[in-house]
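Participant: after the sequence you'll find the predicted model.
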Amino acid sequence: MKKTFFAMSLLALALGGCLSTKFSATWKAPDYEGKAYKQVLVWALSENVANRSTVEDEVTHFLNLKGVNTHSGADVLPFDRNTIPKDKQVVKQKLQKHGYDAVLTVGLKDVKEETHYVEGSGYYNPMAYGYYGSFYGYYPHMYGAVYQPGYYASTTNVYLETNLWDVETGKLVWSGQSKSEHQGSVDKTANAYARAVVSELINKKILLPTK
């Protein structure tokens, strides 16, 4: 119970305070060539209702702008994960009943406190980031010529995993790990993450426009 609470707390931190997002690694199923799914459901795996809704809504917004018919997971799946059916056939039928043929999940992988060296400068001139087997086994679980000396800075980096699942087969077709620097703003987090993941999915032709 404590482990579960800790994991959920970290996910809330991850989804609630990252300024920038970069994908460090991605994977695509060998037989997957990209698809124009009829409807994609975005599901942030967090028990923090506000954070979940913000992330889902941001990703949904940007995917729809790119022509991918997308909806927030909160439209279909309850906020309390304990009320989500454990039977994979029941979940599959529920998704298909609402017309969803793909699910994009966002989950926490790790949170690390990391130290890095920032080099000094003598002049500053400002200018105008498939191993689960099945989706159904995954969801339960400043300017001047002034010298600036170098210094060590510590940041909290959050690693999120984004997965794209095919509803019919339950198979994982794409997965990406992103690295974000914790800043303390849920709105900036969701916006930066959404822009990054949508750019990855569209530019790499993982998701094709449906409209």
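Facilitator: It's in. Being a predicted model, the structure only gives us computed values, none of them experimental.
Participant: now the strands for the protein?
Facilitator: Shown for the chain, the strands assigned by DSSP state E span residues 18-28, 40-44, 70-72, 102-118, 151-166, 172-182.
Participant: dump those strands to a markdown table, plus distance to residue 50 and mean neighbour count.
Facilitator: Where you see a C-beta, it was placed from the backbone N, CA and C, and this is true even at glycine. Shown next, in a markdown table, are those (distance: least, Cβ to Cβ, whole Å; neighbours: other Cβ atoms under 10 Å):
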| stretch | distance to residue 50 | mean neighbour count |
| --- | --- | --- |
| strand 18-28 | 15 | 16 |
| strand 40-44 | 11 | 26 |
| strand 70-72 | 13 | 22 |
| strand 102-118 | 15 | 16 |
| strand 151-166 | 17 | 18 |
| strand 172-182 | 17 | 21 |
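Participant: what count of nearby residues applies to the nearest residue to residue 20 once chain neighbours are set aside?
Facilitator: Excluding the flanking residues, the one nearest residue 20 by Cβ to Cβ, 6 or more residues apart in numbering is residue 192, at 5.5 Å. Residue 192: 21 surrounding residues under other Cβ atoms under 10 Å.
Participant: what are the phi and psi values at residue 66?
Facilitator: Main-chain dihedrals, residue 66, degrees, to the nearest 10: phi -90, psi 0.
Participant: give the burial count for the closest residue to it other than its chain neighbours, as a bare number.
Facilitator: Ranked by Cβ to Cβ, 6+ apart and with sequence neighbours excluded, the top spatial neighbour of residue 66 is residue 202, at 5.0 Å. By the criterion of other Cβ under 10 Å, residue 202 has 19 neighbours.
Participant: likewise for residue 84?
Facilitator: Using other Cβ under 10 Å, residue 84 is surrounded by 14 other residues.
Participant: any figure for the gap between it and residue 71?
Facilitator: Distance from residue 84 to residue 71, counting by Cβ to Cβ, to the nearest Å: 17 Å.
Participant: list the residues that contact the residue nearest to the spatial centre of the chain.
Facilitator: By Cα atoms, centre = their mean, the chain has its centre lying nearest to residue 106, at 4.1 Å. Residues in contact with residue 106 (Cβ atoms under 8 Å, 6 or more residues apart in numbering) are 15, 42, 43, 44, 45, 55, 59, 160, 161, 162, 193.
Participant: 10 Å instead?
Facilitator: 11, 14-15, 42-46, 52, 55-56, 59, 73, 160-163, 178, 193-194, 197 (Cβ atoms under 10 Å, 6 or more residues apart in numbering).
Participant: now residue 179
Facilitator: 18, 20-25, 109-110, 112, 114, 129, 157-160.
Participant: circling back to that earlier point, what sits opposite the residue nearest to the centre of the chain in the beta ladder?
Facilitator: residue 44, residue 162 (DSSP bridges).
Participant: number the chain from 874, please
Facilitator: Yep, numbering from 874; the last one is residue 979 now.
Participant: could you report the pLDDT at residue 930?
Facilitator: Note on residue 930: pLDDT of 94.
Participant: same deal with the one 10 residues further on?
Facilitator: Residue 940 carries a pLDDT value of 97.
Participant: any idea how far it lies from residue 965?
Facilitator: Taking Cβ to Cβ, one finds residue 940 at 26 Å from residue 965.
Participant: what about those two, which has more around it?
Facilitator: residue 965 (18 against 14).
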